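# A structural model of the following input is requested.
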Amino acid sequence: MTGSFVLHFKPNISVIEKSTDDIVIQSPKVRGNIPQHRLNIEQISPGLLSVIRILANDGATEEDLSNLVLEADGFSQLPKLYYYLQEFINFGMICHTVVCEEYPLATRFPIYLTQKFQFQDIAVDQKYVLSRFAYSHKEQEQLVLASPLVSAQIILANWKSAAVIAELSKPQTCQELCTKIPGISQQIMQLFLSLLLSTKMLSEVKMDGKAEEETNKNLISWEFHDLLFHCRHRNGKHSYPSGKTFRFLDKLEQPPLAKPRMSNDTIELYKPDIQKLKEEDYSFTLVLEERQSIRSYKDEPITDRQLGEFLYRSARNKRRIYKDYGECTHRPYANGGGRYELELYTIVNTCHNIDSGIYHYCPQEHQLCRLTERNNYVEMLLKDAYFATSRFSMPQVLFVYAARFPRIAWVYESIAYSLILKDVGCLQQTMYLVATAMNLAPCAVGSGNSDLFVAATGTDYYAETSVGEFILGSKAES
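Predicted coordinates for the structure are as follows:
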């Protein structure tokens with residue numbers, strides 16, 4: 001394969017010239033203001049210094065950089081050039097750009113530490129296809145191709161590179177692509193495909209018509225959205241800010257600790273004697289061992305007193321604390337940072353002394369606020385949970401967990417949604433244990449309809465919608 005890539009530093013790489021023969025190259029600072037990577041080159045030769053200055057600006061091909069060192073320093077300094085170029089690549093400092101007709105076509109942009117990165121050659125008659133994990137999106141006014149398989153992105157610099165990606169949704173050879181996309185020579189197309197293949201955006205198609213990644217038994221199990229979610233919310237394949245960054249501190253008002261009361265039609269719930277329960281309740285080990293999903297109920301439905309005790313023991317606000325620039329709280333279940341972004345909606349089918357309908361639980365006042373009487377939405381939500389739990393019994397009471405997304409995103413970056421799902425698990429487990437201790441029938445629901453929930457309650461899908469469900473009822477005799 002002929003042709004070459006233009007090499008240049010990423011825009012966020014700092015080059016600090018301490019003296020005429022002492023230079024420092026470092027990547028951006030991360031936690032604790034410590035540079036992610038730092039290279040100190042002492043007694044640097046004039047040729048290598050010129051190379052680093054070029055890399056920090058428009059860049060050049062490896063051949064041009066080699067010629068520069070040859071002219072300035074002589075042949076003996078070439079190994080040092082190649083050594084540092086490889087170090088820059090390994091540390092994720094170097095971008096590789098394919099140029100077409102003097103304009104950038106595409107750039108490989110490393111976003112995290114790269115290890116043993118190597119370009120792969122492209123055969124002109126070999127078929128390649130876009131990886132099923134590759135996706136494009138807008139980022140800082142650029143079209144970016146990314147994948148959870150790799151810690152690098154491809155910046156698609158113009159319509160031609162985007163057109164090639166569109167064509168690669170089905171198997172294509174380099175020769176076929178050249179006939180479909182005008183203005184790209186075979187040499188440039190090979191370079192572009194090599195950039196994609198080496199960054200795991202492409203997969204080679206075998207003789208049996210299957211892409212290489214289709215025969216990888218470890219990848220077959222992953223769906224696109226699951227792998228992307230996993231990689232994007234764990235450190236290692238990205239360099240985005242993560243954790244408590246308070247990114248909206250000076251931009252948006254912090255969402256309040258408690259959601260304002262949604263209705264003046266309230267029901268005061270029963271509050272159990274917690275001290276008495278501490279003395280008389282089942283042992284923790286018994287509750288833990290007996291916990292199970294129960295989907296059948298006795299004829300007599302759950303009572304308002306049982307519902308009140310259940311909510312008090314599993315979801316009330318126990319106390320308020322001040323942290324992270326505002327109020328937080330403690331509830332009986334664990335939660336990320338004390339944000340407690342989950343709201344509980346109670347869909348009552350049948351319950352002694354509480355009419356059927358949709359209610360919002362107020363954890364501070366320990367009240368139910370009636371939102372609607374029984375209507376078509378109540379029927380649909382109950383049936384949705386009924387079918388999701390193998391149609392054992394129509395739920396007596398259905399709890400829908402809705403997340404106030406801005407409440408947790410105000411503090412956490414990159415991991416906000418994954419924290420919400422962890423919080424759902426914590427609340428579900430707490431509800432299981434409380435229901436078991438109360439001799440009730442609990443069952444978590446595997447999936448629900450968020451659009452249906454929004455239609456039923458009138459919330460804004462992007463501000464607050466459902467992320468989990470849980471069923472509760474009276475326990476039938478064994």
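# so where is the stretch 151-300 of the chain shaky, pLDDT-wise?
The model of the stretch 151-300 of the chain has no residue with pLDDT under 70.
# What is the burial count for the closest residue to Ala444 other than its chain neighbours?
Spatial nearest neighbour of Ala444, excluding adjacent residues (Cβ to Cβ, 6 or more residues apart in numbering): Gln428 at 4.7 Å. No exception for glycine: its C-beta is placed from N, CA and C like everyone else's. Around Gln428 there are 21 other residues, counting by other Cβ atoms under 10 Å.
# what's the helix or strand where Gln428 lies packed up against?
Here Gln428 sits within helix 416-437, counting by DSSP states H and E. Applying 3 or more Cβ pairs under 8 Å, 6 or more residues apart in numbering; DSSP states H and E, we find helix 416-437 packed against helix 284-290, helix 304-315, strand 342-348, strand 397-404, helix 405-409, strand 440-445, strand 464-474.
# For the third one, name the packing helices and strands.
Under the contact definition 3+ Cβ pairs under 8 Å, 6+ apart, strand 342-348 sits against helix 304-315, strand 357-362, helix 376-388, strand 397-404, helix 416-437, strand 464-474.
# redo that, cut-off 6 Å
strand 357-362, strand 397-404 (3 or more Cβ pairs under 6 Å, 6 or more residues apart in numbering; DSSP states H and E).
# For those, state which one has the densest average packing.
Most buried of those by mean neighbour count (mean count of other Cβ atoms under 10 Å) is strand 397-404; its value is a mean of 24.
# picking that back up, which of the residues in the helix holding Gln428 are buried?
Judged by neighbour count using 16 or more other Cβ atoms under 10 Å, the buried positions of helix 416-437 are 416-420, 423-424, 426-437.
# next one: stretch 322-341
For stretch 322-341, the neighbour count (16+ other Cβ under 10 Å) marks 324, 328-329, 331-333, 335-341 as buried.
# Phe117: how many residues sit nearby?
Count around Phe117 with other Cβ under 10 Å applied: 18.
# So what's the residue count around Ser147?
Neighbours of Ser147 (other Cβ under 10 Å): 23.
# now it: how far from Gly446?
Look at Ser147 and Gly446: by Cβ to Cβ, to the nearest Å, they are 28 Å apart.
# ranges for the strands of the stretch 1-150 of the chain?
Ranges of strands in the stretch 1-150 of the chain, per DSSP state E, counting those that start in this stretch, are 6-9, 14-19, 22-26, 38-42, 60-61, 94-100, 103-110, 128-130, 135-139, 142-146.
# Give me the residues contacting the shortest one.
With contact meaning Cβ atoms under 6 Å, 6 or more residues apart in numbering, strand 60-61 is reached by Ser4, Val6, Ile54.
# any idea which of these is closest to Ala123?
Distance to Ala123 across the contacts of strand 60-61 (Cβ to Cβ) is lowest for Ser4, with 18.4 Å.
# Enumerate every residue touching the closest one.
Counting by Cβ under 6 Å, 6+ apart, Ser4 touches Thr61.
# possible to save the strands of the stretch 1-150 of the chain as a markdown table with distance to Lys217?
A markdown table is the format used below for the strands of the stretch 1-150 of the chain (distance: least, Cβ to Cβ, whole Å):
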| stretch | distance to Lys217 |
| --- | --- |
| strand 6-9 | 36 |
| strand 14-19 | 43 |
| strand 22-26 | 40 |
| strand 38-42 | 39 |
| strand 60-61 | 40 |
| strand 94-100 | 31 |
| strand 103-110 | 28 |
| strand 128-130 | 19 |
| strand 135-139 | 23 |
| strand 142-146 | 24 |
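# Adding distance to Cys174 and mean neighbour count, write those strands out as TSV.
Listed next are those as TSV, based on distance: least, Cβ to Cβ, whole Å; neighbours: other Cβ atoms under 10 Å:
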stretch	distance to Cys174	mean neighbour count
strand 6-9	20	20
strand 14-19	37	12
strand 22-26	35	18
strand 38-42	36	14
strand 60-61	21	16
strand 94-100	13	23
strand 103-110	14	21
strand 128-130	8	22
strand 135-139	21	13
strand 142-146	18	19
